[in-house]
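Trainee: let's see this in three dimensions:
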Amino acid sequence: MSGIPYAQLSLMMFLQLAIWAAWAPGLPSYLSDTFGLSGRRTRGVCASLCFAYVLSPLLGGQIADRWLATEHALAAAHLAGGALLLAAAHQRSFRGLFALLLLHSLVYAPTLALAPSLMFRYLTRVADQAGGIRVWGAVGWLVAGWAASAWRGAAGRTGKGYAGPLVLAGGLSLLMAAASLFLPHTPPLGRAADPLACRAAVALLAHPNVLIFLLIAVLVSSQARLHEVSTEPFLRDIGVRDGHVPGVTALPVAGEVIGLAVLLPLLLPGVGHKWALAIGILAWPACYIVCALLGPRWLVLSSLPLRGLGCALFFFAGQIYVDSVARPDIKASAQALITVATLGLGDFLGTQFAGMLMDFFKFEGKFRWRPIFLVPCILTVACAIAFLALFKG
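Mentor: Next up, the predicted model:
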């Protein structure tokens, strides 16, 4: 692979995740501080946005696999997404903001499958090369997240404070739309026996390994969601200052960078998909068990990169696995299945589960963190055991 495609694909991954990182993490605080939404209603809003990741990814895969070059589909989706985010930045009513963010999620969700499917198509050695490109997505998440956090902090917890990150996300989306037009040309691969690529992709569930992976992915992503929901209040409860929380919450990105750039190229050729994916699953219970100790603080903080390691070795390695078993004419739709399973069903179930678990173990206004973390620890260990027992390969 020459330097020019490498740079193009790396920029694509950087912008793809930077867009999301700019606006999504600050949404719960904004809904609570500006509109006075309770924790339960805020979780309901976030869960509603998850439905976009169930409804639209397979349509995006169908478009790229059958009708339109992938880079053009990406450009159109991000152009529309950027316009919707910029419009959302000017909204001061909850209903208007929610409607625009829901529409944005519907057009953004398919791009999370289209970007990796385009990348995989131009790699000659996926196991060696993919992590080195995807790592720029982690960097994009970190940079955009810090920029948005600084913007919110400078403007205060107001409508204007959240409008800035939305403007940033909208600008990044428009930049991604323009950059997509310079990506390698990736047209649909000729005529296919089945005109419905989404139907052919769903037929992959007839393969036992694919079915087991996607079912476990739903469960693992639902438990991973708990850590995302609980991180900020947990860090404050163990004595991390408010001003240090944004920096500490970036620690998982360090683990993701190590997983993508260092471990993934070693594990996939060395131990294969099965054990790489299993190690990725086990990263979460390892993190949860340390957090359940509640201290010392340095030990808890040093465990947070395990979250990013899990993302690299399970979710991204899972994308590589599914790409390896999908027919060439349904690869975008196959990636869409993963988006539906993890960011759609998994995140929806995880948001509901996290809310119920944290409410159940809250007494006199304080969370009982040890059982809150032990429950997903047990469940993710069970997922790892089930995966190792049922996944053949």
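Trainee: for Ile212, give me its contacts.
Mentor: Contacts for Ile212 were tallied using C-beta atoms under 8 Å, 6 or more residues apart in numbering; they are 387, 390-391. To be clear about C-beta, it is placed using only N, CA and C from the backbone, and glycine gets the same treatment.
Trainee: most surrounded residue in those residues?
Mentor: Highest neighbour count within the contacts of Ile212, by other C-beta atoms under 10 Å: Phe387, with 23 neighbours.
Trainee: nearest residue to it other than its sequence neighbours?
Mentor: Residue nearest to Phe387 in three dimensions, not counting chain neighbours: Ile216, with 4.9 Å by C-beta to C-beta, 6 or more residues apart in numbering.
Trainee: what's the helix or strand for that neighbour?
Mentor: According to DSSP states H and E, Ile216 maps onto helix 208-237.
Trainee: show me where the chain has its strands.
Mentor: Assigned by DSSP state E, the chain shows strands spanning 362-363, 366-367.
Trainee: what's the mean pLDDT across the first one?
Mentor: pLDDT averaged over strand 362-363 equals 89, rounded to a whole number.
Trainee: just stretch 318-331 next, same as before
Mentor: So the average pLDDT for stretch 318-331 ends up being 94.
Trainee: likewise stretch 33-41?
Mentor: pLDDT averaged over stretch 33-41 gives 76.
Trainee: correct me, but the residue nearest to Phe387 touches Ile281?
Mentor: Yes - with contact defined as C-beta atoms under 8 Å, Ile216 counts as touching Ile281 (7.2 Å).
Trainee: the two: which is more packed in?
Mentor: Ile281 (26 against 23).
Trainee: gap between that one and Asp359?
Mentor: Distance of Ile281 to Asp359, given as C-beta to C-beta, to the nearest Å: 26 Å.
Trainee: where in the stretch 151-300 of the chain is pLDDT low?
Mentor: 155-161, 190-192, 242-243, 246 (pLDDT under 70).
Trainee: ramachandran angles for Phe182?
Mentor: Main-chain dihedrals, Phe182, degrees, to the nearest 10: phi -100, psi 10.
Trainee: numbering from 18 from now on, please.
Mentor: Happy to do that; since the first residue is 18 now, the last one works out to Phe199.
Trainee: skipping its backbone neighbours, what lies nearest it in space?
Mentor: Gln25 (6.3 Å).
Trainee: just Ala403 next, same as before
Mentor: Ile233 (6.6 Å).
Trainee: nearest residue to the middle of this structure?
Mentor: Closest residue to the average C-alpha location of the chain: Leu360 at 6.4 Å, with C-alpha atoms, centre = their mean.
Trainee: and for the residue lying closest to that one once chain neighbours are set aside, the neighbour number?
Mentor: Leaving aside its chain neighbours, Leu360 sits nearest to Tyr70 (4.1 Å; criterion: C-beta to C-beta, 6+ apart). Neighbour count of Tyr70, defined by other C-beta under 10 Å: 26.
Trainee: cool, and Ala210?
Mentor: By other C-beta under 10 Å, 7 other residues sit near Ala210.
Trainee: do the same with Ser122
Mentor: Ser122, neighbours per other C-beta under 10 Å, totals 22.
Trainee: do the one 10 residues further on as well
Mentor: Using other C-beta under 10 Å, Ala132 has 25 other residues around it.
Trainee: cool, and the one 5 residues further on?
Mentor: Neighbour count for Phe137, taken as other C-beta under 10 Å: 22.
Trainee: same thing with Gly312?
Mentor: 11.
Trainee: give me the distance between the residue nearest to it when sequence neighbours are not counted and Trp315.
Mentor: Nearest non-adjacent residue to Gly312, counting by C-beta to C-beta, 6+ apart: Ile255, 6.6 Å away. Distance of Ile255 to Trp315, given as C-beta to C-beta: 11 Å.
Trainee: more neighbours: which of the two?
Mentor: Ile255 (14 against 8).
Trainee: what residues are up against the more buried one?
Mentor: Ile255 makes contact with 311-312, 314, 317 under the criterion C-beta under 8 Å, 6+ apart.
Trainee: ramachandran angles for it?
Mentor: Per-residue torsions, Ile255: phi -100, psi 10 (degrees, to the nearest 10).
Trainee: and stretch 296-309, what's buried?
Mentor: Residues of stretch 296-309 classed as buried: 296-305, 307-309 (neighbour count, 16 or more other C-beta atoms under 10 Å).
Trainee: run the chain-centre distance for it.
Mentor: Distance, stretch centre to chain centre, for stretch 296-309: 18 Å (C-alpha atoms, centre = their mean, to the nearest Å).
Trainee: next one: stretch 111-123
Mentor: Computed by C-alpha atoms, centre = their mean, the chain-centroid distance of stretch 111-123 equals 19 Å.
Trainee: what's in contact with it?
Mentor: 40, 44, 48, 52, 54, 62, 65-66, 69-70, 72-73, 98, 101-102, 104-105, 108.
Trainee: please redo it, this time with the cut-off set to 7 Å
Mentor: The contact list for stretch 111-123 (C-beta atoms under 7 Å, 6 or more residues apart in numbering) reads 52, 62, 65-66, 69, 72-73, 98, 101-102, 104-105, 108.
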